[in-house]
Structures are given as structure tokens and as C-alpha cells.
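Student: Here's a sequence, model it:
(one chain, ligands or ions: 1)
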Amino acid sequence: MPNPDRLPLVSSSLPQRGNETISETSGAADPILIALSYHQQTKHHLHRYARSLGYLDWDSQPDPFRTFEGAIRLELPLAADSLTTPFADLYTPVAVPVRSLDLKNIAILFELALGLSAWKEFRGNRWALRCNPSSGNLHPTEGYAILPPLPHFEAGVYHYVSRDHCLERRCLLEGGAAAELARALPPDSFLVGLSSIHWREAWKYGERAFRYCQHDAGHALATVRYAAAALGWSALLLDSLSDDGVAAMLGLDRAADFADVDAQDREHPDGLVLVSAKPVASPPRILPVESVRAGQWTGRANPLSSSHVSWDVIDEVAKATWKPVTNGPGRADNTPSPPLSSPCRTPAATLIRQRRSCLALDGRTTIPAEAFYRVLDHLLPRPGVPPWDTLSWSPQLHAGIFVHRVAGLAPGLYLLERDPRIHDRLRAALRPEFLWEQPADCPEHLRLFYLMQGDLRRIAQIVSCHQEIAADGAFSLGMIAEFSHTIKQKGAWWYRRLFWEAGVLGQVLYLEAEAAGVRSTGIGCYFDDAFHELLGLTGNEFQDLYHFTVGGPVEDHRLMTLPAHAHLHRMSTA
Ligand SMILES: Cc1cc2nc3c(=O)[nH]c(=O)nc-3n(C[C@H](O)[C@H](O)[C@H](O)COP(=O)(O)O)c2cc1C
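Tutor: The predicted structure follows:
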């Protein structure tokens with residue numbers, strides 16, 4: 001067994017595609033090579049971080065709120081307090097009463113998915129937190145609703161402004177176009193659209209920012225799914241659409257509407273999610289793109305920054321991973337697991353809004369093994385169970401877990417396989433001296449393996465960019481993706497989807513930690529190859545895509561917390 005204190009933590013690899021070594025500039029025309037090369041180029045190393053400006057240019061700090069000047073605004077009620085669905089019931093969808101598709105419930109969906117959760121204030125600076133977390137709280141993700149004719153809503157495309165909890169009507173669809181949209185969507189359903197403004201993350205994080213935008217999009221997919229579940233609704237990522245199609249449906253390709261802004265303030269399409277209050281027999285594969293294009297569009301996007309720094313590598317990878325039309329939705333072919341149980345009767349709407357990242361963990365809190373296993377169990381997909389039923393693919397990510405303080409479990413390194421089919425490949429790729437023992441009291445279906453004994457707090461902290469939160473939690477982890485094989489087989493656009501899956505995993509960890517009475521924090525800053533080296537991974541068959549930590553939080557009492565919507569002077573609707 002390796003001695004944790006002796007493990008080398010020095011990374012050495014050159015960019016690779018499978019077993020080939022490539023230079024950072026080669027393969028300019030091959031989207032797969034560009035995606036692999038971007039990933040390699042944007043690794044943080046022990047001796048060098050991925051390229052960024054190296055300081056924060058406060059003068060060009062991007063506005064975290066996009067608005068469309070001139071678009072008609074529809075104020076949404078603040079109604080999430082009225083939703084009493086217990087968090088535990090989200091995992092047993094039949095237990096949740098199905099709410100009607102109306103103004104109040106659509107407002108709740110946006111409030112819980114993308115809405116503000118609080119304001120923080122320190123020394124005269126104030127910033128908003130949202131139900132969807134974001135790397136650096138920079139919030140690259142924008143949200144949209146595409147609605148058929150509904151009470152209080154004319155058919156059209158709406159942009160959500162979290163600060164004002166309102167929908168801006170970007171496009172009005174009338175007559176035949178409205179009817180066409182209504183026909184294209186299953187009964188009692190509408191679409192939520194997501195897009196990313198890469199510049200918001202690049203302003204702080206430089207070249208690595210594209211990764212964070214994808215993490216954040218994944219988190220947002222999950223927050224949409226959880227919010228829909230609290231209303232008794234389903235939510236499915238529409239997989240077959242191309243990014244061109246998504247851009248057209250959301251009006252992102254309307255050059256005139258973005259004429260006042262720098263190219264970097266523009267939005268990149270992520271996806272459309274079908275949200276439905278009725279079971280969906282077959283999700284739409286074709287949307288009335290041309291009718292939407294021809295709708296009555298209003299609104300001009302606001303500039304986000306006075307000046308910009310250009311990161312060509314982000315534009316290149318964004319282009320290379322642009323999604324074509326495909327044959328989706330696929331069907332996740334998951335190994336059955338027993339039904340989930342959760343003791344958390346707190347209303348989902350409360351839990352979702354109280355979720356916070358912890359800036360520090362106490363280094364003391366021990367969690368019971370039962371709670372640890374329950375959190376991990378929620379990372380396994382089950383048919384019809386949120387949030388995994390929003391994705392149409394089987395798990396591509398697994399987890400290497402540093403257990404620090406879990407009652408009854410030896411501290412050390414563990415591995416969670418989220419799909420048993422990966423076992424042989426993963427075992428062959430990891431250090432041969434690992435133990436591969438299942439903990440005695442671990443539920444049988446949970447493929448958790450004890451790999452290595454030891455106090456790994458120091459190593460966990462080092463591989464997470466020296467951040468103490470990775471050592472001070474009850475456990476922390478790195479998400480290991482089936483990387484090069486997936487991208488080569490399925491296409492460069494899968495590079496983004498792997499990060500989305502990591503984001504969904506992260507959102508489950510955030511909410512399950514909260515449900516277990518502890519807290520969690522996403523960790524996008526980690527030393528990729530140092531973690532690979534610890535596990536014995538070489539090449540890029542598997543890659544570490546995201547870290548997380550879970551434990552007892554330490555509040556920072558210097559920060560003042562203010563209510564999310566007091567500035568709106570709008571009554572809460574019960
Ligand atoms: C993709 C991603 C990466 C993050 N990386 C880190 C990190 O490396 N270190 C850290 O302390 N927090 C990290 N965070 C936490 C964010 O700073 C936090 O989500 C943000 O400040 C908003 O606060 P909230 O989560 O309490 O709403 C990350 C969050 C996300 C979503």
C-alpha cells in the first residue's frame with residue numbers, strides 16, 4: 001500500500017490524445033483535439049496555475065445581471081414560501097402534488113432554480129447570492145422561458161432577471177406562430193433555456209473559465225430539475241437540438257439585439273429543458289425555429305464590462321464543442337438501485353434557498369456513516385428520480401473520496417463507482433496496490449471501495465489548490481470522468497456535457513449536505529495531474545473534472561446577510 005506521505009505530487013504530462021502526445025497548437029481543425037488540448041492547457045499544476053490575468057481589474061468587472069433594454073417586463077410574484085413540498089418527497093415523485101402551469105408556479109420555478117437567495121455585505125460592498133451556485137459567484141449562466149400561450153403569458157421567449165425577479169419578454173409569438181409552438185410542445189409543458197457568458201468567468205479566471213461556465217451550467221440544470229420536482233413537474237434536457245437551434249430559439253444569434261455590446265458580452269447556447277406538468281410520452285425533437293426567428297423581438301442587451309481581455313483559447317474551444325443536431329434523447333441505461341430514502345422533511349423551497357457554500361469548515365465535525373452513505377446514494381441515477389432523470393445518459397463520472405471524519409469508517413482514500421460497468425477499466429487504470437475492499441456496513445448496491453488507509457488531510461488540501469476546506473471537511477472528493485474515450489466516441493461537444501454532469505453531481509452534494517445538517521462547497525481550483533498521480537492515473541482515459549468538500553461550516557460573522565428580495569418591495573404571495 002502506498003505511504004500517503006511519500007506519494008509524489010509532481011505533475012509532468014504533455015497534452016495527449018489517447019496515447020499520442022500533441023502540441024498545444026496542433027490539430028487546429030479537429031474539434032476533438034481542440035477540446036482535449038484546451039483541457040490539458042487549462043490544468044492547474046503545482047508549479048504553475050492556468051493562465052489568467054493574475055490580478056482583478058475591478059474597472060472591468062462584468063455586470064452579473066443581463067437585461068434587455070426596451071423589452072416589456074412581467075413582474076413575477078414571490079411565492080416560493082407557499083410551497084410546502086418536503087425535500088424528502090422530491091425523491092419519490094408520486095408523493096408530490098402536481099401544481100398547475102400558471103404564473104405563480106412558473107415564478108416559483110425561476111425563484112428556486114435561478115433566483116436570488118440572499119445579499120451579502122462587507123465594508124460597503126454588497127453582492128447577491130443565488131439558488132444556483134457559481135464559481136467565484138460570477139454567474140455566467142442566463143435563464144430563459146419559452147412559453148406557449150398560458151394564463152397571464154402571451155406565447156414567446158422570455159429572459160429571467162434574477163435581481164428583479166421578472167421576465168423580460170424578448171419575443172412575442174402571435175397567431176399561427178403561437179399555435180405552432182403550442183403544437184410542438186407536449187400538453188402542459190414549456191421550455192427553460194440556459195446560456196453562458198464566458199467573459200463573466202474569464203474576467204477572473206482567464207483560460208480555465210470555460211470549464212467553470214460548464215460546471216455552472218450543470219449546477220443550473222440541476223437547480224431547474226429540483227425546482228420542477230418541488231412543483232410535481234418533470235424536467236428533461238432536450239438532447240437532439242443543435243446549439244444553432246438553441247441560439248435561434250433564445251434569440252442569442254440576433255446580432256442587432258447585441259449591437260451595443262462587445263462580442264465577449266454575448267451569450268453562448270447551453271440547452272433547452274422541457275419542463276412538464278404532465279407525463280411526457282415523447283419529447284419534441286423539432287422546434288419551430290423559423291417561426292420563433294420571425295416573431296416580434298424587442299430588447300437590446302446591456303453591456304457588461306467597459307473593457308475586455310480576450311482569451312482566444314476559450315473562443316476556440318467554444319467553437320470546437322458547438323453541438324450539432326444529434327439523435328437524442330438517448331436513454332440512460334442504468335443499473336437498478338433500491339429506492340432512495342431521505343429523512344429531511346424541511347420544505348424543499350427552504351432547503352434550496354438556504355443552501356450556501358462554506359468559506360471555512362471547522363475541522364472537527366464527524367458525520368455518521370449512515371449520513372455519508374445516504375449522500376453517496378443520491379449520486380446514483382434512478383429512473384424518474386431527480387435530478388438524474390433530466391440527463392439522458394448513464395453516469396460518466398465517478399468519485400475518488402478522501403474520508404477524513406466519518407464515524408465508523410477508517411480515514412483514507414475511497415472510490416465510488418457510479419456505474420458497475422466501469423469497474424474493470426477503472427481498476428486497471430488505478431494503482432495496482434489499492435485494496436478494493438467494500439466497507440463492512442456499506443449498502444450492497446453502493447459500489448464504494450476502500451483503496452488506501454491514511455490521514456490524507458494534507459494531501460486533500462494540496463490537490464485542491466492548498467485550500468483548507470478540502471482537509472477540514474468530513475470528506476472531500478474529486479470527480480473522475482471517463483474522458484478521452486467519451487469525447488472521441490461521442491464528439492467534442494461532450495466535453496461540455498461531462499462538466500455538466502459534474503455540476504449536477506455538485507448540486508446533489510450541496511443539497512444533500514444541507515439536508516444532513518452540514519454544508520458543502522464546490523472546488524473548481526484543483527491540481528488536475530497531482531490528483532491523477534495520487535490515484536495512479538496516466539494519460540487521459542480518465543480525468544478529474546471537479547472537487548467538492550462536505551463538513552461542519554464555520555460562519556464568517558464579518559459578512560452581513562440581507563434578505564434576497566427586500567430591495568424589490570414586493571410582498572410574498574402565500
Ligand atoms: C464550479 C464552482 C467552482 C467553485 N470553486 C470554488 C473553490 O475552488 N473554492 C471555494 O472556496 N469556493 C468555490 N466555489 C464556491 C463559490 O465561490 C460559491 O458557489 C459562490 O461564491 C456563491 O456562493 P453560494 O454557493 O453560497 O451561493 C465554487 C463553486 C462552483 C459552482
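
Student: Now A217: phi and psi?
Tutor: The phi/psi pair for A217 (degrees, to the nearest 10) reads phi -60, psi -40.

Student: Please read the previous query as pertaining to L272.
Tutor: Backbone geometry at L272, expressed as degrees, to the nearest 10, gives phi -120, psi 140.

Student: pretty sure it contacts S189?
Tutor: No. Here L272 lies out of contact with S189, judged by C-beta atoms under 8 Å, at a distance of 11.4 Å. Placement of C-beta: from N, CA and C, glycine included.

Student: What segments of the stretch 101-250 of the chain are strands?
Tutor: Counting by DSSP state E, counting those that start in this stretch, the segments of the stretch 101-250 of the chain that form strands are 116-122, 125-130, 141-147, 156-161, 166-172, 189-196, 234-237.

Student: For the shortest one, give me every contacting residue.
Tutor: Under the contact criterion C-beta atoms under 8 Å, 6 or more residues apart in numbering, strand 234-237 has outside partners 93, 192, 221, 224-225, 228-229, 271-276, 279-280, 283, 329, 386, 389-392.

Student: Is it possible to get CSV of the strands of the stretch 101-250 of the chain that adds distance to the ligand, mean neighbour count and mean pLDDT?
Tutor: Below are those laid out as CSV (distance: least, C-beta to the nearest ligand atom, whole Å; neighbours: other C-beta atoms under 10 Å; pLDDT from 0 to 100):
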stretch, distance to the ligand, mean neighbour count, mean pLDDT
strand 116-122, 6, 17, 97
strand 125-130, 4, 16, 97
strand 141-147, 10, 25, 99
strand 156-161, 17, 25, 99
strand 166-172, 21, 23, 98
strand 189-196, 12, 25, 98
strand 234-237, 18, 24, 97
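
Student: Go through the residues of the stretch 251-400 of the chain and report the one nearest to the ligand.
Tutor: For the stretch 251-400 of the chain, the residue closest to the ligand is S357, as judged by C-beta to the nearest ligand atom, at 3.4 Å.

Student: How many residues are close by that residue?
Tutor: By other C-beta atoms under 10 Å, 17 other residues sit near S357.

Student: so how many other residues sit close to the residue lying closest to it once chain neighbours are set aside?
Tutor: Nearest residue to S357, sequence neighbours excluded (C-beta to C-beta, 6 or more residues apart in numbering): T521, at 4.3 Å. T521: 27 surrounding residues under other C-beta under 10 Å.

Student: picking up where we left off before, filter the contacts of strand 234-237 to the buried ones?
Tutor: 93, 192, 221, 224-225, 228-229, 271-276, 280, 283, 329, 386, 389-392 (16 or more other C-beta atoms under 10 Å).

Student: Write out the residues of the stretch 401-550 of the chain neighbouring the ligand.
Tutor: Within the stretch 401-550 of the chain, the positions near the ligand by C-beta under 6 Å from any ligand atom are Q467, I469, T521, G522, I523, G524, C525.

Student: Setting aside sequence neighbours, what's the nearest residue to H567?
Tutor: Spatial nearest neighbour of H567, chain neighbours left out: W119 (7.7 Å); criterion: C-beta to C-beta, 6+ apart.

Student: what comes into contact with stretch 48-66?
Tutor: Against stretch 48-66 from outside (C-beta under 8 Å, 6+ apart): 41-44, 127-128, 137-139, 142, 159, 161-163, 197, 199-200, 203-208, 265, 267, 301-309, 311.

Student: pLDDT weak spots in this structure?
Tutor: Where the chain drops to pLDDT under 70, the residues are 1-28, 328-329, 574.

Student: Phi, psi for the residue nearest to S357 please.
Tutor: Taking degrees, to the nearest 10, you get phi -150, psi 130 for the backbone angles of T521.

Student: try V275
Tutor: Dihedral angles for V275 - degrees, to the nearest 10 - are phi -110, psi 130.

Student: S196 is in contact with D270, correct?
Tutor: Yes. Between D270 and S196 there is a contact at 5.7 Å, judged by C-beta under 8 Å.

Student: Find the residues that touch each one of these two.
Tutor: Shared contacts of D270 and S196 (C-beta under 8 Å, 6+ apart): T141, A217.

Student: Quote the end-to-end distance of stretch 313-331.
Tutor: This stretch, stretch 313-331, spans 33 Å end to end (C-alpha to C-alpha, to the nearest Å).

Student: chain center to stretch 427-436, what's the gap?
Tutor: Offset of stretch 427-436 from its chain centre (C-alpha atoms, centre = their mean, to the nearest Å): 30 Å.

Student: Could I get the CA-only coordinates of that stretch as CSV?
Tutor: Extracted in CSV, the C-alpha atoms of stretch 427-436 (Å, rounded to 0.1, in the frame of the first residue of the first chain):
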residue,chain,number,x,y,z
ARG,A,427,-9.3,-0.9,-11.6
ALA,A,428,-6.8,-1.5,-14.4
ALA,A,429,-6.1,2.3,-14.6
LEU,A,430,-5.6,2.9,-10.8
ARG,A,431,-2.6,2.0,-8.6
PRO,A,432,-2.2,-1.8,-8.5
GLU,A,433,-1.6,-1.7,-4.8
PHE,A,434,-5.0,-0.3,-3.9
LEU,A,435,-7.1,-2.5,-1.6
TRP,A,436,-10.5,-2.5,-3.3
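
Student: Any buried residues in that stretch, and which?
Tutor: Neighbour counts over stretch 427-436 (16+ other C-beta under 10 Å) mark A429, L430, R431, F434 as buried.

Student: mind checking which helix or strand the closest residue to the last one other than its chain neighbours is in?
Tutor: Excluding its sequence neighbours, the residue lying closest to F434 (C-beta to C-beta, 6+ apart) is L451, at 4.1 Å. According to DSSP states H and E, L451 maps onto strand 447-453.

Student: which other helices and strands contact that strand?
Tutor: Using 3 or more C-beta pairs under 8 Å, 6 or more residues apart in numbering; DSSP states H and E, the elements in contact with strand 447-453 are strand 412-417.
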